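Student: the following block contains a protein sequence and its predicted model.
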Amino acid sequence: MQNTLFASFLTQLCLASLALAAPIDGEVKTTDAWQYGTGGGILGLIVLILDIIVFVEVIKSNRPPVHKLLWSLLVFFFPIGGLIIYYLFSNRAAHNSGSGYEALP
């Protein structure tokens with residue numbers, strides 16, 4: 001039941017992001033794109049920094065490699081939503097490997 005609920009939530013999140021990303025006729029501006037900071041500004045920089053922190057935290061954790069890949073892909077494809085989902089549902093304290101990287105055997 002939880003898997004279908006989670007899949008439904010992710011599907012709705014994807015569809016909502018697609019619906020909000022599409023420009024409505026008449027809203028498209030034909031001005032010079034460099035004038036208005038199309039990179040996301042300060043909010044985009046904050047999200048980028050938080051996403052990098054999540055990537056480093058996932059890489060340093062003692063999760064199996066498949067779980068590391070899945071968490072990283074979630075945050076990569078959905079930067080804000082993945083960040084929120086990671087901090088709410090990742091059980092970070094149980095997978096904290098301490099300080100630094102683990103040595104390979």
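Tutor: Good, I have the coordinates.
Student: measure I59 to L43 for me?
Tutor: When C-beta to C-beta, to the nearest Å is applied, the distance between I59 and L43 equals 25 Å. Bear in mind the C-beta positions are built from the backbone N, C-alpha and C, glycine included.
Student: ugh, wrong one, L15
Tutor: Taking C-beta to C-beta as the measure, L15 and L43 are separated by 23 Å.
Student: related to what we said a few turns ago, which one of I59 and L43 is surrounded by more residues?
Tutor: Set side by side, I59 and L43 show unequal neighbour counts under other C-beta atoms under 10 Å, the larger going to I59 at 12 against 9.
Student: helices or strands up against the host helix or strand of that one?
Tutor: I59 belongs to helix 41-60 when assigned by DSSP states H and E. Helix 41-60 is packed against helix 65-77, helix 79-89, with contacts defined by 3 or more C-beta pairs under 8 Å, 6 or more residues apart in numbering; DSSP states H and E.
Student: Y86 reaches L74, doesn't it?
Tutor: Yes - taking C-beta atoms under 8 Å as the definition, Y86 is a contact partner of L74 at 7.0 Å.
Student: same list (the helices and strands packed on helix 41-60) but as TSV, adding mean neighbour count, distance to L50 and mean pLDDT.
Tutor: What follows is the helices and strands packed on helix 41-60, written out as TSV (neighbours: other C-beta atoms under 10 Å; distance: least, C-beta to C-beta, whole Å; pLDDT from 0 to 100):
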stretch	mean neighbour count	distance to L50	mean pLDDT
helix 65-77	14	9	91
helix 79-89	15	6	90
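Student: wait, V47 sits on P79?
Tutor: Yes - under the contact definition of C-beta under 8 Å, V47 touches P79, with a separation of 5.4 Å.
Student: good, wrapping up.
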